[in-house]
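S.K.: just need the structure, nothing else, for what follows:
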Amino acid sequence: MLLQRRGIGVSICSGLTALALLPACSALGQGVGYWHTSGGQILDADGQRVRIAGINWYGFETTDQVVHGLYAQDYRTILETIQARGYNTIRLPFSNQMVEHPIVPTALATANGAGPINTELAGLNSLEIMDKIITEAGSLGLKVILDNHRSEAGNSNEASGLWYTAAYPEAKWIADWETLATRYKGSADAKGNPTVIGVDLRNEPHLLTSTAARTGSCWTGDTWTNGCPVTDTAQNWPAAAARAAKAILGVNPGLLIMVEGTDCYSGDCGWQGANLEGAAKYPVTLTVAEKLVYSAHDYGPDLDAQSWFSAKTTAGSLDAVWTKYWGYLSIDGTAPVWLGEFGTTNAASDIESNVAGSQGQWFSSLVAYLGNEPNLQWTYLALNGEDAFALLGNSYDATPVSSLKQQLLSSVQFPLRATDGPTPVCKAAPAAPAGLTAAVGATGGIALGWKPVTAPANCAVSYAVYRGTSSGFKPGSALAGGLTTVAYTDNSVSAGTTYYYVVEAQDAYGSSAASAQVSAKTPAAKGSSAACHVTYAITGTWSGGFQASLAIENTGTTNWSDWTLAWTFPGSQKVTAFWNGVETQSGAKVTVANESYNASLPAGATVSGMGFTASYSGTNTAPASFTVNGVVCK
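M.R.: Here you go, the predicted model:
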């Protein structure tokens, strides 16, 4: 085997101990607490070296808005397979659309030939299903890295090569990261060790588009884009990454920040996301030290015949390519490097081969490179049975399609455990929360509080809040989930409105019954000085959809420090994307809160530039009226 030829046909324990990088295997205690970096290594909270040796499980970023395979297998079974096959981390892609507009996925079955599956996921939206998967992953000792794969839901990466789109500008990209950092800050296993340990800020930023136009993401110093200065907020990727990282670390300073490369640097081009040559002179600087991990992707000639694949390709020449583009950062001790994606088919010749320039030579040589450089981190692409590079079959059962591929990947795996012995399993749902109260706070939001629920054995409890506008409502999508405190303030409220709330407790096994319902009514809107006028115009239509623009004029006599716009659609209209405002839709009612940059609106002034796209069927009649801060506009 090529692996044996290159000197890594050994177990992870014996190989690492021989390299004097770790104490004896019997003393391993990796995986404790949040992780940090030191030179080219990643260390846990106890200072023990860890290695990300994981797998990609995609689907949340697609139009399905859910990880794939749940149509065939129970999510717990899939996670148990990942753990049993020796992978310690899951890279979990998502889209901004999924965060802002989660759907109740249909690509999910509640039974297969073996009986019921995924029954507790039925009726949940995408974010709530992600909550369940992350909680269960943590209970198995698995770690999760969240990956912002694209803006709109869809397949592959963002074709523009940028970290934003018109519908999801940078402000929304960062806000969505803050939402997820807050949502999963309390994610932990039964021993209190965090489950979500890192964030991959953006999948495969790249400079060249399909037309070879240099309009995508560039790295500081790139001569192809006039030096790509940090002042170029439209294209400079490392500066944008630093802005997002600052916001994320402000929410949770424990997270690792993964920053992918681009494709080209000063005319030297490779795989999208894989070129980190510019980081040598222009590194990414974070507001929290020892949290930066660079990331690259690499693929073989079956995907694209790069210039380095030829009849003269050797393992050594491939090593030189990888070291030049990204490996040097780890080898030199500058920063850790994580190979976030690489994969091959299940044909034996595509896994291991001595043919120069072949897919098999590339894959076996890359696995050997990972073995010879044990500080390098990795996640194979993909677990997904429908993928050309699948690890599992279409039925997502526990047996990998290729035992040879699994064998090679096993040779570079790394065990994570906080103690010797198995992680206890959560086997009971929590009791329903008691003592729920609701009251209007000083800032106008509704403050909720409830009594803590005692966690069942080996379980970690979190809470989800549900809201309705009628008594006895049936909980649907959670207003907030993954809460680890027994308090929550609902600030997305309108004046003069009664809201009803229930809370559920959740753990890795399932959800409790809902708490007793409580309600609170927000104060009536202030006087006539808050008068307003709203302009609504349809700017484009197509079959089953349309685009509209909005503007709000403050026609009163007092200045506004913030505002909330609301209306009710008269038909089936459903907002699919919104810009320059924070939109939520419940049934036909749409509520839009201001962004930080357009909150202030002096008397006589207008906030414009808002708009949205929406779907509809039947007629597309405009809303009959609008309110701002609870006042009907004229």
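S.K.: local confidence estimate at residue 454?
M.R.: pLDDT recorded at residue 454 is 91.
S.K.: go on, the one 4 residues further on?
M.R.: Confidence per residue is given as pLDDT, and for residue 458 that number is 81.
S.K.: where does residue 426 fall, phi/psi-wise?
M.R.: phi -80, psi 120 (degrees, to the nearest 10).
S.K.: neighbours around it, how many?
M.R.: Using other Cβ atoms under 10 Å, residue 426 is surrounded by 24 other residues. All C-beta spots, glycine's among them, are computed from the backbone N, C-alpha and C.
S.K.: gap between it and residue 194?
M.R.: 16 Å (Cβ to Cβ, to the nearest Å).
S.K.: same check, this time on residue 607
M.R.: On the measure of Cβ to Cβ, residue 607 and residue 194 end up 40 Å apart.
S.K.: dihedrals phi and psi, the spatially closest residue to residue 239 that is not a sequence neighbour?
M.R.: Sequence neighbours aside, residue 230 is the residue nearest to residue 239 in space, at 4.3 Å (criterion: Cβ to Cβ, 6 or more residues apart in numbering). With angles defined as degrees, to the nearest 10, residue 230 sits at phi -70, psi -20.
S.K.: next one, pLDDT for residue 230 please.
M.R.: So residue 230 comes in at 96 (pLDDT).
S.K.: what is the neighbour count of it?
M.R.: Using other Cβ under 10 Å, residue 230 has 13 neighbouring residues.
S.K.: and for the one 10 residues further on?
M.R.: The local packing count at residue 240 equals 25, with neighbours defined by other Cβ under 10 Å.
S.K.: my read: it touches residue 170, true?
M.R.: Yes. Proximity of residue 240 to residue 170 meets the contact threshold set by Cβ atoms under 8 Å, at 6.5 Å.
S.K.: mind listing the shared neighbours of those two?
M.R.: 163, 233 (Cβ atoms under 8 Å, 6 or more residues apart in numbering).
S.K.: could you pull out the helices in the chain for me?
M.R.: 2-5, 12-18, 75-84, 96-100, 126-139, 170-183, 237-251, 315-322, 328-331, 348-351, 359-372, 403-410 (DSSP state H).
S.K.: would you single out the least confident of these?
M.R.: When I compare the helices of the chain, helix 2-5 is least confident, with a mean of 30.
S.K.: ok, now which ones touch residue 297?
M.R.: 204, 260, 271-274, 339-342.
S.K.: kindly recompute the last result at 7 Å.
M.R.: Contacts for residue 297 (Cβ atoms under 7 Å, 6 or more residues apart in numbering) come out as 204, 271-274, 340-342.
S.K.: output those residues as TSV; include the columns neighbour count and distance to residue 398.
M.R.: What follows is the contacts of residue 297, written out as TSV (neighbours: other Cβ atoms under 10 Å; distance: Cβ to Cβ, whole Å):
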residue	neighbour count	distance to residue 398
204	25	31
271	21	32
272	25	33
273	26	31
274	27	32
340	28	25
341	28	23
342	23	23
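S.K.: residue 357: which of the residues you listed is nearest?
M.R.: Nearest to residue 357 among these is residue 271, at 16.2 Å by Cβ to Cβ.
S.K.: how far away is the closest one from residue 546?
M.R.: Taken as Cβ to Cβ, the span from residue 271 to residue 546 is 39 Å.
S.K.: mind listing what the spatially most central residue of the chain touches?
M.R.: With distances taken as Cα atoms, centre = their mean, the chain has residue 146 as the residue nearest its mean C-alpha position (3.6 Å). If you count contacts by Cβ under 7 Å, 6+ apart, residue 146 has them with 92, 94, 180, 196, 199-200.
S.K.: pipe these into TSV and attach neighbour count and distance to residue 447 per row.
M.R.: Output for the contacts of residue 146, formatted as TSV (neighbours: other Cβ under 10 Å; distance: Cβ to Cβ, whole Å):
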residue	neighbour count	distance to residue 447
92	23	32
94	27	30
180	21	24
196	27	27
199	26	30
200	25	35
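S.K.: closest to residue 133 out of those residues?
M.R.: residue 92 (7.5 Å).
S.K.: show me the beta-bridge partners of the closest one.
M.R.: Per DSSP bridges, the residues bridged to residue 92 are residue 146.
S.K.: any idea how this structure splits into domains?
M.R.: 2-410, 437-521, 528-632 (automatic domain parsing).
S.K.: could you look over the ones you listed and pick the most buried one?
M.R.: domain 2-410 (a mean of 20; mean count of other Cβ atoms under 10 Å).
S.K.: so where's the protein shaky on pLDDT?
M.R.: 1-29, 418-424, 524-530 (pLDDT under 70).
S.K.: 50 - rerun?
M.R.: Across the chain, the ranges flagged by pLDDT under 50 are 1-28, 419-422, 527-529.
S.K.: thinking again about what came up before, of the contacts of residue 297, closest to residue 622?
M.R.: Closest to residue 622, out of all of these and judged by Cβ to Cβ, is residue 204, at 40.2 Å.
S.K.: am I right that that closest one is in contact with residue 272?
M.R.: Yes. Contact criterion Cβ atoms under 7 Å: residue 204 and residue 272 qualify, at 4.2 Å.
S.K.: joint contacts of those two?
M.R.: Contacts common to residue 204 and residue 272, judged by Cβ under 7 Å, 6+ apart, are 157, 297.
S.K.: got a list of what the closest residue to residue 448 other than its chain neighbours touches?
M.R.: Nearest non-adjacent residue to residue 448, counting by Cβ to Cβ, 6+ apart: residue 488, 4.9 Å away. By Cβ under 7 Å, 6+ apart, the contact list for residue 488 reads 448, 465, 480.
S.K.: outside of stretch 321-335, which residues touch it?
M.R.: 37, 39-40, 261, 270, 274-277, 279, 292-294, 296, 298, 308, 336-337, 369, 373, 375-376.
S.K.: actually stretch 78-86, sorry about that
M.R.: By Cβ under 7 Å, 6+ apart, stretch 78-86 touches 55, 69, 90, 136-137, 140-142, 383, 392, 396, 398, 400, 406, 410, 413.
S.K.: relative to residue 496, which of the residues you listed is nearest.
M.R.: residue 136 (42.0 Å).
S.K.: separation between that closest one and residue 82?
M.R.: 11 Å.
S.K.: what does residue 615 give?
M.R.: For residue 615, the distance to residue 82 - Cβ to Cβ - is 36 Å.
S.K.: ok, for residue 155, nearest residue in space, not its chain neighbours?
M.R.: Nearest non-adjacent residue to residue 155 (Cβ to Cβ, 6+ apart): residue 62, at 5.8 Å.
S.K.: the one you found reaches residue 156, doesn't it?
M.R.: No. Residue 62 is beyond contact range of residue 156, at 9.5 Å (criterion: Cβ under 7 Å).
S.K.: for residue 519, give the beta-bridge partners.
M.R.: residue 500.
S.K.: my guess is it contacts residue 436. True?
M.R.: No. Using Cβ under 7 Å as the test, residue 519 is too far from residue 436 to be in contact (10.4 Å).
S.K.: residue contacts, residue 388?
M.R.: Residue 388 neighbours (Cβ under 7 Å, 6+ apart): residue 345.
S.K.: same question for residue 320.
M.R.: Per Cβ under 7 Å, 6+ apart, neighbours of residue 320: none.
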